[in-house]
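In: Quick one, fold the following:
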Amino acid sequence: MVCCGLLTAKKEPVPLKSIEVEVEVKDHVATVTSTLQYENKEKNPIEAVFVFPLPGDAAVCHFSAKVGQTEVVGKVQEKQKAREEYDDALSSGQQAFLLEESEQSPDIFSLSVGSLPPGESASIRLEYVTELAVQADDGLRFCLPAVLNPRYQPQGSEGGSGSGGSAQIVSVPACLVPYSLSFSARVSSPRPVSKVESNCSLDPVQYLNAEHTQATVRLAARHKFDRDVEMLVYYQDSHQPTAVVEAGQTSAQPGSLMGDLAVMLSLYPDFPPVSVASCGEFLFLMDRSGSMDFSMGSGKQAQSRIGSARDTLLLLLKSLPMGCYFNVYSFGSSYEHIFPKSVEYSQKNMEEALKQVEKMNANMGGTEILQPLKHIYSQPCIPSQPRQLFIFTDGEVDNTKQVVDLVKENSGSHRCFSFGIGEGASSALISGVAKEGGGDAQFITGTDRMQLKVMQSLRFSLQPAVVDISVTWDLPKGISVTPLSPPITSLFQGQRSLLYAQLTGESSGVTEGCVTVKYSLAGQPSQNQLHFSLKPTEDSGLTVHRLGARTLIRSLEMKERELRGQSNEGVKEKVVEVSVQSGVSSSFTAFIAVNKGSGEAIQGPLLRRHVPAPKDLHFDMLMCDDEMCIYDVITPCSTEDCCALSSYSQDTDEDEEYEDEDCVDAAPLPSQPPRDPMLQLISVQRASGSWVLEPTLATVLGKTSEEVAKPKPASVNQEVWATILALIWLHGFKMEAQMEWQLLAMKAVSWLQAQKGKTPCLTECVEAGNALLGSKVLKDALGL
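Out: Modelled structure (predicted):
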């Protein structure tokens with residue numbers, strides 16, 4: 001038999017032909033509809049299995065299949081029952097469709113399309129809703145995961161394929177993905193849309209009205225599948241507390257989750273001014289697995305992930321306050337630490353740490369993050385030094401839930417800030433550990449500057465911990481509230497907190513409610529209030545109900561894992577009940593759709609076909625045995641080698657075009673670019689915040705050592721002069737990166753202010769510095 005079209009290495013056709021994604025963004029919530037087109041070009045019926053990524057916090061709420069003119073809408077069932085119904089349908093010659101969440105990680109789903117007859121096509125439609133995360137620059141981030149790298153399975157973990165285990169991930173280099181992707185988005189908000197940006201090529205934004213409150217955007221043709229599709233939406237005056245009240249489902253029973261009103265509150269706490277903390281234990285946990293050697297982007301000057309992480313650690317270590325404690329851990333298949341235990345921040349200890357950081361390479365094998373976390377949590381906390389943990393990883397692990405559960409178990413002793421580096425980082429892992437650790441999550445891809453996002457998290461960590469948080473509701477008589485969100489455990493200035501709740505009952509007359517968030521900050525009690533209308537918002541569908549149900553489901557799932565081995569059946573049953581009632585999937589349920597058709601059984605042996613997901617080009621599996629698979633290996637290769645490794649080829653008789661030249665963009669790793677002048681300047685700053693006159697400083701300033709030393713006022717010592725010059729250069733030539741150097745500049749200013757008796761002529765120094773550097777920075781602008 002001669003097969004046409006896209007083929008596997010075993011000459012088996014790939015049945016998935018295209019994916020069409022439509023996104024509807026309303027304010028900070030996105031509804032995503034994906035349509036997958038399948039076609040069977042074989043002579044026998046097939047079962048197509050596709051394992052793919054979704055956002056870890058997505059609420060999957062619709063699943064349907066259309067074969068010919070017949071549409072079958074899926075229903076949510078307990079997972080084992082759904083699997084049995086699917087298997088029974090296939091064995092009886094019927095068509096069936098199954099969508100289920102991985103039991104190891106909520107950001108991986110498996111879609112099975114069963115008994116697709118020869119020559120038949122099927123259209124699969126799935127829908128989910130998700131919130132857009134607030135970024136450091138006030139943008140709202142939507143991410144369509146497209147890259148699914150193999151997940152590292154640690155030794156002794158509960159992995160494995162088959163029923164009840166991990167989904168089997170089949171993936172190929174991104175340039176060889178055998179199906180197309182189209183993506184379009186419609187954005188609407190009460191406030192004007194100022195701009196829409198993306199890491200992928202977009203057609204120009206089209207505004208739909210004069211007020212710019214509605215806009216559409218579309219992914220440019222020929223997306224290469226080499227990255228997740230990230231979209232950043234910017235609104236004017238975006239950070240405002242809001243409330244959305246949504247009417248219940250008319251067919252649902254009053255008093256039930258779907259039958260009652262649901263409310264979503266977006267809170268942006270406004271803190272009174274407080275001083276930045278000058279204490280704390282700062283622990284940095286760095287991923288050094290093989291995949292961290294991958295490039296951050298596709299350009300020739302793109303930095304490697306580990307290189308960018310090293311530069312970021314430099315910036316972090318220079319920005320720490322005097323009086324704190326710190327340590328640096330790194331991990332791969334094993335883990336290391338620079339100091340046996342956390343040490344006081346001093347010039348000597350900082351220099352030793354930076355010396356070790358400079359030597360860090362991505363040479364430690366797999367991604368065993370659980371063991372170093374256990375070691376960190378086994379270390380006693382230092383009195384009066386609040387522990388802050390920073391995790392840097394490309395997030396490709398198979399034991400996501402174990403890691404998240406461990407962070408939650410120790411959430412009372414620290415705050416956890418996480419950074420997902422590169423394409424395909426697990427959103428469930430990165431967001432999960434930050435949420436349960438009371439911190440903040442950031443994703444860094446493509447040309448993103450890691451330093452900008454990390455410094456926002458450092459500023460959060462230096463804010464005094466907000467304690468004694470409580471939420472009270474003031475509602476009209478006759479209306480009661482049932483929270484769907486877990487209690488708020490952390491608040492940060494500029495960070496959004498979302499609350500979901502079910503409102504039961506009716507009120508005569510009063511149409512407004514109020515929620516009050518009370519907390520204590522630096523020993524001072526504070527509160528923020530939000531008044532909101534109880535009138536349901538029009539045209540919101542059931543978005544708020546589904547997001548609220550998803551939030552409740554995730555909380556219950558975590559409770560079930562905490563109680564595992566004890567009496568937890570009631571919790572699991574509650575998860576299934578909420579999932580089935582709301583139509584939102586969970587780890588214990590699945591969507592099942594059966595097409596009974598004409599009643600005639602589909603004839604012929606059923607063949608299984610695995611549909612590949614895109615992975616980073618440099619991923620390839622080195623070793624796989626019964627206990628462990630190590631995927632974190634770089635295989636630099638020429639275009640020919642890379643494409644030969646691929647599991648996919650194409651018969652030239654087919655009309656569809658499929659070209660390999662796209663591999664060229666991603667093939668061997670580029671040489672590392674020279675260090676940025678700003679980072680060079682920062683690298684020679686002392687722990688106290690000061691600089692000294694030395695050749696590196698002069699080079700960054702574009703002068704010789706003699707030219708730098710000559711204009712120094714006679715009454716000023718060299719350290720003060722060097723520090724003022726560094727500050728003038730930062731303010732005069734690097735204002736666009738102020739968010740990155742602001743904290744270390746504040747430390748420098750504090751050091752200068754402590755030298756007041758030795759610096760009687762700061763104004764003269766600033767004038768001389770401006771003359772030397774050709775700038776016009778005012779003394780007041782420096783904070784002096």
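
In: wait, what's in contact with P55?
Out: By Cβ atoms under 8 Å, 6 or more residues apart in numbering, the contact list for P55 reads D107, Y128, T130, C143, P145, S427. Where C-beta positions appear, they are placed from N, C-alpha and C, glycine not excepted.

In: 6 Å - rerun?
Out: The contact partners of P55, taken as Cβ atoms under 6 Å, 6 or more residues apart in numbering, are T130, S427.

In: The one 3 residues further on now?
Out: Counting by Cβ under 6 Å, 6+ apart, A58 makes contact with Y128, T130.

In: go on, the one 4 residues further on?
Out: Listed by Cβ under 6 Å, 6+ apart, the contact set of H62 reads E127.

In: For it, which three-state class applies?
Out: Following DSSP: H, G, I helix; E, B strand; the rest coil, H62 is assigned to strand.

In: can you tell me how far it sits from Q95?
Out: Distance of H62 to Q95, given as Cβ to Cβ, to the nearest Å: 19 Å.

In: now S579
Out: 24 Å.

In: Also V196?
Out: 39 Å.

In: So if I had to pick from these two, which one is more boxed in?
Out: When neighbours are counted by other Cβ atoms under 10 Å, V196 and Q95 differ, and Q95 comes out ahead with 24 against 20.

In: doesn't N595 make contact with the more buried one?
Out: Yes. Counting by Cβ atoms under 6 Å, Q95 touches N595, with 4.0 Å between them.

In: was I right about G783 contacting V749?
Out: Yes. Taking contacts as Cβ under 6 Å, G783 lies within contact range of V749: 4.4 Å.

In: Apart from its chain neighbours, what residue comes closest to Y207?
Out: A215 (5.0 Å; Cβ to Cβ, 6 or more residues apart in numbering).

In: For that neighbour, what is the enclosing helix or strand?
Out: Secondary structure assigned from DSSP states H and E places A215 in strand 214-218.

In: If you count neighbours, what's buried in that strand?
Out: A215, V217 (16 or more other Cβ atoms under 10 Å).

In: and what of stretch 39-52?
Out: E39, N40, K41, E42, P45, I46, E47, A48, V49, F50, V51, F52.

In: wait, isn't the second one in contact with E47?
Out: What that stands for is N40. No. Between N40 and E47 there is no contact under Cβ under 6 Å: 10.1 Å.

In: Which neighbouring elements make contact with the one helix or strand S480 maps to?
Out: Element membership for S480 (DSSP H and E) is strand 479-483. When contacts are defined as 3 or more Cβ pairs under 6 Å, 6 or more residues apart in numbering; DSSP states H and E, strand 479-483 packs onto strand 497-505.

In: and the strand it packs on, which strands flank it?
Out: strand 261-267 (antiparallel), strand 479-483 (antiparallel) (DSSP bridges).

In: Give me the contacts around the last one.
Out: Translated: strand 479-483. With Cβ under 6 Å, 6+ apart, strand 479-483 has contacts from W473, A501, Q502, L503, T504, G505, S507.

In: What's the ChimeraX syntax to select whichever of these are buried?
Out: In ChimeraX, a selection of the buried entries from those looks like this (16+ other Cβ under 10 Å):
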select :473,501,502,503,504
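
In: Any chance of JSON lines for the contacts of strand 479-483, columns distance to K710 and pLDDT?
Out: Compiled in JSON lines, those are given as follows (distance: Cβ to Cβ, whole Å; pLDDT from 0 to 100):
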{"residue": "W473", "distance to K710": "68", "pLDDT": "96"}
{"residue": "A501", "distance to K710": "68", "pLDDT": "97"}
{"residue": "Q502", "distance to K710": "72", "pLDDT": "97"}
{"residue": "L503", "distance to K710": "73", "pLDDT": "96"}
{"residue": "T504", "distance to K710": "77", "pLDDT": "95"}
{"residue": "G505", "distance to K710": "79", "pLDDT": "91"}
{"residue": "S507", "distance to K710": "78", "pLDDT": "81"}
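
In: Let me have the contacts of strand 479-483 in a markdown table, extended by distance to P254.
Out: Listed next are the contacts of strand 479-483 as a markdown table, based on distance: Cβ to Cβ, whole Å:
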| residue | distance to P254 |
| --- | --- |
| W473 | 20 |
| A501 | 16 |
| Q502 | 12 |
| L503 | 12 |
| T504 | 8 |
| G505 | 9 |
| S507 | 14 |
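
In: Pull up the gap between V467 and Q388, please.
Out: Separation of V467 from Q388 (Cβ to Cβ): 15 Å.

In: Poorly predicted segments of the stretch 101-250 of the chain, please.
Out: 147-176, 223-226 (pLDDT under 70).

In: If we use 50, what do you get?
Out: 159-165 (pLDDT under 50).

In: where do the strands sit along it?
Out: Along the stretch 101-250 of the chain, the segments classed as strands by DSSP state E, counting those that start in this stretch run 108-116, 121-131, 133-134, 140-144, 171-173, 180-188, 193-198, 206-207, 214-218, 229-235, 242-246.

In: list the helices and strands the first one packs on?
Out: In other words, strand 108-116. Packed against strand 108-116 by the contact rule (3+ Cβ pairs under 6 Å, 6+ apart) you find strand 46-53, strand 95-101.

In: Which one of the ones you listed lies nearest to A277?
Out: Each of the helices and strands packed on strand 108-116 has some distance to A277 by Cβ to Cβ; the shortest is strand 46-53, at 37.1 Å.

In: Hmm, the residue nearest to Y207 is touching V187, no?
Out: Yes. A215 lies in contact with V187 (Cβ under 6 Å); the separation is 4.8 Å.

In: what do these two both touch?
Out: Common contacts of A215 and V187 (Cβ under 6 Å, 6+ apart): V193.

In: Check the gap between G259 and V245 for me.
Out: Distance of G259 to V245, given as Cβ to Cβ: 15 Å.

In: in the stretch 301-450 of the chain, what spans have low per-residue confidence?
Out: Looking at the stretch 301-450 of the chain by pLDDT under 50, you get an empty list.

In: in it, which spans are strands?
Out: With strands called from DSSP E, counting those that start in this stretch, the stretch 301-450 of the chain shows them at 325-331, 335-337, 343-344, 387-393, 414-421, 441-444.

In: For the second one, buried residues please.
Out: Using 16+ other Cβ under 10 Å as the test for burial, strand 335-337 gives Y335, H337.

In: list the helices and strands that strand packs on?
Out: If contacts are counted by 3+ Cβ pairs under 6 Å, 6+ apart, strand 335-337 sits against strand 325-331.

In: Quick check: which element contains H731?
Out: Taking DSSP H and E as the criterion, H731 maps to helix 718-733.

In: average pLDDT for that helix?
Out: Per-residue pLDDT over helix 718-733 has a mean of 94.

In: Can you name the next helix or strand after that helix?
Out: Using DSSP H and E, the helix or strand that follows helix 718-733 towards the C-terminus is helix 738-754.

In: And that next one, what's buried?
Out: M739, E740, W741, L743, L744, A745, K747, A748, V749, S750, W751, L752.

In: Would you state the helices of the stretch 451-600 of the chain in chain order?
Out: Along the stretch 451-600 of the chain, counting by DSSP state H, counting those that start in this stretch, helices occupy 543-562, 569-582.
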